[in-house]
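Engineer: Predicted coordinates and the sequence they were generated for:
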Amino acid sequence: MHCGTRNATPRVQSRIRQGGTMSTPVITIADLTSFVDQEVTIQGWVYNWRKKGKLRFIILRDGFGYLQCIVFRPEVEDSVWETAVELTQESSVRITGRLVADDRAPGGYELKVSALDPVHISPEFPIGKKNHGPDFLLNHRHLWLRSKRQHAMMRVRSEVSQSIRDFFYTRGYTNIDSPILTPAACEGTSTLFETDYFGEPAFLSQSGQLYLEPACAALGKVYCFGPTFRAEKSKTRRHLTEFWMVEPEVAWLRFDGLLDLAEEFLSEIISRVLDRCSEDLKRLERDVSKLEPSTRRPYPRLDYGDAILKLNELGSDIEHGDDFGGDDETVLTQQYDQPLMVTRYPAAIKAFYMQPDPADPTRALAVDILAPEGYGEIIGGSERSDSLEHLERQIAAHELPREAFEWYLDIRRYGSFPHSGYGMGIERCVTWICGVPHLREAIPYPRMINRLYP
RNA sequence: UCCGCAGUAGCUCAAUGGUAGAGCGGGUGGCUGUUAACCACUAGGUUGGGGGUUCAAGUCCCUCCUGCGGAGCCA
């Protein structure tokens, strides 16, 4: 099937690829429509094949799409027929033939094969056409990526990732890559992966934020985007031990401005994916009407206290001061068709670096953004405390090692300033956009508790 | 770490405590338009490991391992 989900590669580039003969251009399936009724060569893998007497149907995939190739025994040389018979699922092959329009072909085009170059005949491919279980598929993740559904997931992820970078780039942000090896715990050692750093303990980063705040004092508007590691022994559909997080940090930005920024950010990502990945979302059988409200602003904003009252009305026994459980998030977000911004959490259940609400110091200027349809928290952010004294008290109260934070406290010693930022886990965002139940499909090689392979 | 569910052919799953089966995949053959093609035949098993109950265990009990779902924690 021809799937126009990728932009056509430049024709000139296609023509100069190696592997074609003098007369036949080597093209990708993305470029099909420019070559109808011409002889072309396509390089790819056998996605599936069927036989019907003297006919063989080879469904070729090349990473850009799918194309039905026809081998008709009376019309090809014996050697071509014999090669066609040998081709197995996922064998790699260069196929040359005449590209024709045919209503019987999936996608409307097919290749009348004249020559076959079997690059490599694959033995029995582990992943068949019927269903497989998650354990088997994850153990074969390197091969699972070849399936249509995974192509769609990876393209959506790539689009989300690119739209994030474009969002910040076009608004004047500087990309700051925060370190992955860090000297000490940011928010407690229990969730950190420890590694040996020339005899000293080092930890894999669980957030770039503490490194981003100094950079934002240097450059005003910055963001980091990279892998993040949490050694939490979580076994749920919403947790990875290695995931990618994007974190903007903005100087002079107050809490209300932060809410606006996060809202603009999310709505732009959703709009762009809906615009550019419609074929992929269709393949994933995503009901895009569920996503369209999220392209519109504003998003509903709910004060933490009001959220508690609302939850109580809805039957939850949650009390003021509690953090939301998974059920609470689900019940709450079912009330809305857009992401829900819950604001001003009790300071006691939030991180040490958050700015207290001037109107009520027991509350923090923090926001969690909960995705609709039960997908839950995808963004957490806050205005950061700009008071050296407050942070020193907080570090002591959280029993964090003071020495490790001296450099961080320097930001409040040398020209302290209001600033705010948030973090978004992109796998959770992609999982929501794709409407899939588990975020293990939203990253090429998921790392989970008990899973480090492949 | 805790709670619940599961583990049988390469894969997905059946099988009252009483001879271990099917579909897909593989192999062989048939078919000139298939759409996860279809039809016929065929190969393929130490029922996750160990221990126990029983005349008899895939099935019941104990234990360990692995996976799945959830809690806590978080993006």
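Structural biologist: Good, I have the coordinates.
Engineer: ok, now which ones touch residue A:180?
Structural biologist: A:204, A:205, A:226, A:227, A:229 (CB atoms under 8 Å, 6 or more residues apart in numbering). Placement of C-beta: from N, CA and C, glycine included.
Engineer: who wins for neighbours among these?
Structural biologist: residue A:205 (24 neighbours; other CB atoms under 10 Å).
Engineer: Provide the secondary structure category for the closest residue to RNA strand B within the stretch 151-300 of chain A.
Structural biologist: Per CB to the nearest atom of the strand, residue A:234 is where the stretch 151-300 of chain A lies closest to RNA strand B, at 3.0 Å. With DSSP: H, G, I helix; E, B strand; the rest coil as the basis, residue A:234 sits in coil.
Engineer: what separates it from residue A:439, distance-wise?
Structural biologist: 11 Å (CB to CB, to the nearest Å).
Engineer: of the two, who's got more company?
Structural biologist: A count of neighbours by other CB under 10 Å puts residue A:439 above the other of residue A:234 and residue A:439, at 25 against 14.
Engineer: Tell me which residues touch residue A:348, please.
Structural biologist: A:321, A:362.
Engineer: Which pLDDT value belongs to it?
Structural biologist: We have a pLDDT of 90 for residue A:348.
Engineer: That one belongs to a helix?
Structural biologist: Yes: according to three-state DSSP, residue A:348 belongs to a helix.
Engineer: can you give me the helices for chain A?
Structural biologist: Using DSSP state H, the helices of chain A run over residues A:11-15, A:78-86, A:134-139, A:141-144, A:148-169, A:209-219, A:255-276, A:278-283, A:304-313, A:326-333, A:388-397, A:406-413, A:426-434.
Engineer: Please work out which of those helices is packed deepest.
Structural biologist: The highest average neighbour count among the helices of chain A, using mean count of other CB atoms under 10 Å, belongs to helix A:426-434 at a mean of 25.
Engineer: which residues are contacting that one?
Structural biologist: Residues contacting helix A:426-434 (CB under 8 Å, 6+ apart): A:152-153, A:156-157, A:160-161, A:164, A:238, A:240, A:243-246, A:266, A:269-270, A:273, A:281, A:284, A:286, A:291, A:371-373, A:375-378, A:438-439, A:441-443.
Engineer: by how many degrees do it and helix A:148-169 diverge?
Structural biologist: Here the directions of helix A:426-434 and helix A:148-169 differ by 120 degrees (axes from the mean of the first three to the mean of the last three CA atoms, to 10 degrees).
Engineer: Now render the helices of chain A as JSON lines, adding distance to residue A:451 and mean pLDDT.
Structural biologist: JSON lines is the format used below for those (distance: least, CB to CB, whole Å; pLDDT from 0 to 100):
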{"stretch": "helix A:11-15", "distance to residue A:451": "38", "mean pLDDT": "38"}
{"stretch": "helix A:78-86", "distance to residue A:451": "36", "mean pLDDT": "92"}
{"stretch": "helix A:134-139", "distance to residue A:451": "6", "mean pLDDT": "91"}
{"stretch": "helix A:141-144", "distance to residue A:451": "9", "mean pLDDT": "93"}
{"stretch": "helix A:148-169", "distance to residue A:451": "17", "mean pLDDT": "96"}
{"stretch": "helix A:209-219", "distance to residue A:451": "27", "mean pLDDT": "95"}
{"stretch": "helix A:255-276", "distance to residue A:451": "27", "mean pLDDT": "97"}
{"stretch": "helix A:278-283", "distance to residue A:451": "25", "mean pLDDT": "94"}
{"stretch": "helix A:304-313", "distance to residue A:451": "34", "mean pLDDT": "92"}
{"stretch": "helix A:326-333", "distance to residue A:451": "21", "mean pLDDT": "87"}
{"stretch": "helix A:388-397", "distance to residue A:451": "35", "mean pLDDT": "93"}
{"stretch": "helix A:406-413", "distance to residue A:451": "33", "mean pLDDT": "95"}
{"stretch": "helix A:426-434", "distance to residue A:451": "14", "mean pLDDT": "95"}
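Engineer: Dump those into TSV; add distance to residue A:113 as well.
Structural biologist: Below are the helices of chain A laid out as TSV (distance: least, CB to CB, whole Å):
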stretch	distance to residue A:113
helix A:11-15	19
helix A:78-86	7
helix A:134-139	32
helix A:141-144	26
helix A:148-169	23
helix A:209-219	55
helix A:255-276	33
helix A:278-283	26
helix A:304-313	62
helix A:326-333	52
helix A:388-397	70
helix A:406-413	64
helix A:426-434	35
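Engineer: where does chain A dip in pLDDT?
Structural biologist: A:1-22, A:185-190 (pLDDT under 70).
Engineer: so what's the closest residue to residue A:386 other than its chain neighbours up against?
Structural biologist: Distances taken as CB to CB, 6 or more residues apart in numbering put residue A:416 closest to residue A:386, at 4.6 Å, once the chain neighbours are dropped. Residues near residue A:416 by CB under 8 Å, 6+ apart: A:386, A:387, A:388.
Engineer: try it again with 10 Å
Structural biologist: A:217, A:385, A:386, A:387, A:388, A:391, A:409, A:410 (CB atoms under 10 Å, 6 or more residues apart in numbering).
Engineer: same question, residue A:142
Structural biologist: Shown in contact with residue A:142 (CB under 10 Å, 6+ apart): A:444, A:445, A:453, A:454.
Engineer: Could you rerun that using 7 Å?
Structural biologist: residue A:454 (CB atoms under 7 Å, 6 or more residues apart in numbering).
Engineer: Not counting sequence-adjacent ones, nearest residue to residue A:321?
Structural biologist: residue A:346 (5.4 Å).
Engineer: State the distance from that neighbour to residue A:295.
Structural biologist: Taken as CB to CB, the span from residue A:346 to residue A:295 is 32 Å.
Engineer: Pull the number of nearby residues for the closest residue to residue A:232 other than its chain neighbours.
Structural biologist: Nearest residue to residue A:232 in three dimensions, chain neighbours excluded: residue A:191, at 5.1 Å (CB to CB, 6+ apart). Look at residue A:191: counted by other CB under 10 Å, it has 17 neighbours.
Engineer: Great, nothing more from me.
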